[in-house]
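Q: Okay, here's the prediction I keep looking at, along with the sequence it came from:
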Amino acid sequence: MKSAVRFALLALPLTVAACRDNGIDDSADVSTRDMQVVVAVNGEADGTVVRAHPSALLPYSGRLTLTGGDRLVLRGEGELRPDGAEYALKSPRKSGSFVLDLLRAHDHPLTDLEVVVPPPFTLTARALRVRWSEPIELTWEAAPGEHVTSIEWTGACTKRVVRPLAADAGAYVVNGGEVFRVDPSAPCPVTFSITRTAPGRSMRTLYATAKQTRTVEIVLDP
Amino acid sequence: MKRALLSLALVGCGNPEPRDTGGLATSELSLQVLVEADELETRIAVGIYARGYTYARLDLLPGERLVVRVPGSEPIALERTAGLATYAAKLAAVGSFELDLERGAQSVRGSVVELPPAFAFEIPERGIELTKPYTLRWSPASEAPMKLWIAAPCVAVAERTLLHDPGAFTWSAADFGRGREPAPCTATIHAKRAGGTLRLAPGFAGVQLFRAEQLRALGVLASP
C-alpha cells in the first residue's frame, strides 16, 4: 500500500508536465529548424495586411511567442507586432513585392523570403439587388499574371461555393438559378468575392502565401 | 467445433439471392426506371429487384414481359439487354407513357411515367469565342434543375448546375480553360434537364430508383 502511494506521488508531477503542451511557448527555447512560421500576405482596398503564425514543430508543436530578441520584420516596413494569437503589420502598399525576415538572437535567422502580392482591383456589381432568376454580373480590372483567380460566394442563407476561373478576364456572370438558397421565399444577402492568389513561397520552415481579395454583397430577391 | 463451422456455412448458403421472378409475388418486386429523351426518341431502361435485395436484378420468366403503352401507338415490349438484367425500349419522343408488367394473375398495369418538360435550344447567332462571354438560350424555361457542359478538344469547361432554370446560361470568358488542342474546333454543348414523375400502379413493392431526363446537344464552332 505504501509503495502504491509513493508511486502515485512520483507519477503525479510527470502527468501534469505531460499535460502542459510540452511546456514550450517561447521561441527562444526552440531552434530555427524546429520552428515554423506561416505567413499570410493579404492585399486589401487600403493596404496590405501581413499576418504571421509562429509555431514549434513536433514534438513541441504549439503556438510560439517571439521572445529573447526574436523578431519578424517586413523589410522596409517594420516589425510585426502581437495581434491576438498572431503577429501582424499593415502596410500602406497595396501590391508588389514584400520581403520577410525572421531575425533570431540565438540561432540562425531566416531572411529574404519574398512574396509578390497580385495587382489590386476594384470589384463592381452591375446591381446590388437582383432577382434570383437574374444573372449577377461582376466586373473588375483584368490582370493576367502568375496568380490564380477564383470567385467565391457565401452567406447565411446559401451554400459556400468556390470556383476557380480559367482566366483573369475582368468579368464574370453568375447565372440566375446557380446560387443555392435555404429559403427561396426570403431575400438572401450573398457575399461575392474575387480572389487573386499568388504562388506560395517558402524558405526552409518559413512559408508565405499572398492574395488580393475584394468582396461585394448582393441581395438576391425571390 | 467442426460441426459449428459446418452449421454456419449451411446458414450462409440457405438464403440465396433470387435470380429471376420465379416464386416471387409482384408485391415483392420493386422497379428501377431510367428514362432519357432527346428531340427524336425516348430511351427506357427498367430493372426489376426483389424486395430486400439491393443489388440483384431479376430476369423475367418466359411468358412475363414489361410493356410500354403510348396512346395512339402499338404497345412495345421491352427487350432484355446483354449483361445485367435490364429491359429496354426506344420510343419516339413522348412526354409520358404507361408501363405494364404482364405476368398472368400477378400483372400490374398502368404505372405512369411523365418526363420533365421537353425544351429546344434557340439557334445561337454565333459560335463560342474563347475571349468573350457566350450565352445560350432555350425554351420553355422550367422549375426543374438543369446541368450544362461543353465537350470540345480545344476548350476545357467545368459542368455547371442550374438549381432553377431561367431559360438561358452565360459562360464567361473566364470559364473557358485551355483544351488539349488549339482552337478552333467543334464544341458540343450539352444540357440535361432532370425531373419528371413515376406514379407506380398499386401492386408493386415500390420504386428502387427513378430518373427521367431530357437531353439536348448543340454543335457550335469554338474559335480563339
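A: Arrived safely, thanks for sending.
Q: Sheet partners, orientation included, of the biggest strand by length in chain B?
A: Of all the segments of type strand in chain B, defined by DSSP state E, the longest one is strand B:206-223. For strand B:206-223, sheet partners with direction are given as strand B:29-37 (parallel), strand B:128-129 (parallel), strand B:185-195 (antiparallel), following DSSP bridges.
Q: what's downstream of the second one, the next helix or strand?
A: Counting by DSSP states H and E, the element after strand B:128-129 in chain order, helix or strand, is strand B:134-139.
Q: So which bits of that next one are buried?
A: Using 16 or more other CB atoms under 10 Å in any protein chain shown as the test for burial, strand B:134-139 gives B:134, B:136, B:138. For the C-beta atoms, the positions are set from N, CA and C on the backbone; glycine is no exception.
Q: Equivalent analysis for stretch A:45-54, please.
A: A:48, A:50, A:51, A:52, A:54.
Q: any chance of the residues you listed in a markdown table, plus pLDDT and secondary structure?
A: Shown next, in a markdown table, are those (pLDDT from 0 to 100; DSSP: H, G, I helix; E, B strand; the rest coil):
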| residue | pLDDT | secondary structure |
| --- | --- | --- |
| A:48 | 97 | strand |
| A:50 | 98 | strand |
| A:51 | 97 | strand |
| A:52 | 97 | strand |
| A:54 | 95 | strand |
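Q: so which of the residues you listed comes closest to chain B?
A: Chain B has its nearest neighbour among the buried residues of stretch A:45-54 in residue A:48, at 24.5 Å by CB to the nearest CB.
Q: Give the bridge partners for that closest one, please.
A: Beta-bridge partners for residue A:48, by DSSP bridges, are residue A:43, residue A:91.
Q: Quick check: which ranges of the chain have low pLDDT?
A: With no chain named, the answer covers chain A. Counting by pLDDT under 70, chain A contains low-confidence ranges at A:1-24.
Q: wait, I meant chain B there
A: Ranges of chain B meeting pLDDT under 70: B:1-15.
Q: hmm, try it at 50
A: Low-confidence segments of chain B, defined by pLDDT under 50: B:6-13.
Q: Give me every residue in it lying close to chain A.
A: B:131, B:133, B:156-158, B:160-166, B:168-170, B:172-178 (CB under 8 Å from any CB of the partner chain).
Q: Can you flag which of these belong to helices?
A: The helices in this structure, assigned by DSSP state H, contain none of the residues of chain B next to chain A.
Q: which of these count as buried?
A: Buried members of the residues of chain B next to chain A, counted by 16+ other CB under 10 Å: B:133, B:157, B:160, B:162-166, B:168-170, B:172-176.
Q: So which of these sit within strands?
A: Among those, DSSP E puts B:160, B:162, B:168, B:169, B:170 in strands.
Q: which residues does the first one bridge with?
A: Read it as residue B:160. Under the criterion used (DSSP bridges), residue B:160 bridges to residue B:148.
Q: Contact partners for it?
A: Contacts for residue B:160 (CB atoms under 8 Å, 6 or more residues apart in numbering or on different chains) come out as A:175, A:178, B:147, B:148, B:149, B:169, B:171.
Q: now do 10 Å
A: By CB atoms under 10 Å, 6 or more residues apart in numbering or on different chains, the contact set of residue B:160 is A:163, A:175, A:178, B:146, B:147, B:148, B:149, B:150, B:169, B:171, B:175, B:191.
Q: Format the residues you listed as CSV; extra columns: distance to residue B:38.
A: Below are the contacts of residue B:160 laid out as CSV (distance: CB to CB, whole Å):
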residue, distance to residue B:38
A:163, 29
A:175, 23
A:178, 24
B:146, 14
B:147, 15
B:148, 15
B:149, 15
B:150, 17
B:169, 18
B:171, 22
B:175, 25
B:191, 10
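Q: how is chain B carved up into domains?
A: The record, using automatic domain parsing to delimit domains, assigns chain B the ranges B:17-116+B:196-213, B:120-194+B:218-223.
Q: Also chain A?
A: Split by automatic domain parsing, chain A gives A:24-117, A:124-221.
Q: Now do the end-to-end distance for the last one.
A: Going back to what we said before, that points to domain A:124-221. 19 Å (CA to CA, to the nearest Å).
Q: just stretch B:70-80 next, same as before
A: 20 Å.
Q: now swap in stretch A:178-189 and tell me
A: Using CA to CA, one end of stretch A:178-189 lies 15 Å from the other.
Q: Now find how far off-centre it is within its chain.
A: A distance of 29 Å separates the centroid of the chain from that of stretch A:178-189, by CA atoms, centre = their mean, to the nearest Å.
Q: Could you see whether chain B lies near it?
A: Yes. Using CB under 10 Å from any CB of the partner chain, stretch A:178-189 reaches chain B at A:178, A:179, A:180, A:181, A:184.
Q: For the nearest residue to residue B:64 once chain neighbours are set aside, grab the count of nearby residues.
A: What sits nearest to residue B:64 in space, not counting adjacent residues and going by CB to CB, 6 or more residues apart in numbering or on different chains, is residue B:103, at 4.1 Å. For residue B:103, the neighbour count with other CB atoms under 10 Å in any protein chain shown is 19.
Q: which residues does residue B:103 contact?
A: Contacts here follow CB under 10 Å, 6+ apart; on that basis residue B:103 touches B:21, B:24, B:25, B:26, B:29, B:60, B:61, B:63, B:64, B:65, B:66.
Q: How about the contacts made by the fourth one?
A: Remark: with contacts taken as CB under 10 Å, 6+ apart, residue B:26 is in contact with B:48, B:64, B:101, B:103, B:105, B:106, B:107, B:108, B:201, B:203, B:204, B:205.
Q: For the closest residue to it other than its chain neighbours, the count of nearby residues, please.
A: Closest residue to residue B:26 apart from its sequence neighbours, by CB to CB, 6+ apart: residue B:106 at 4.4 Å. Applying other CB under 10 Å, we find 15 residues neighbouring residue B:106.
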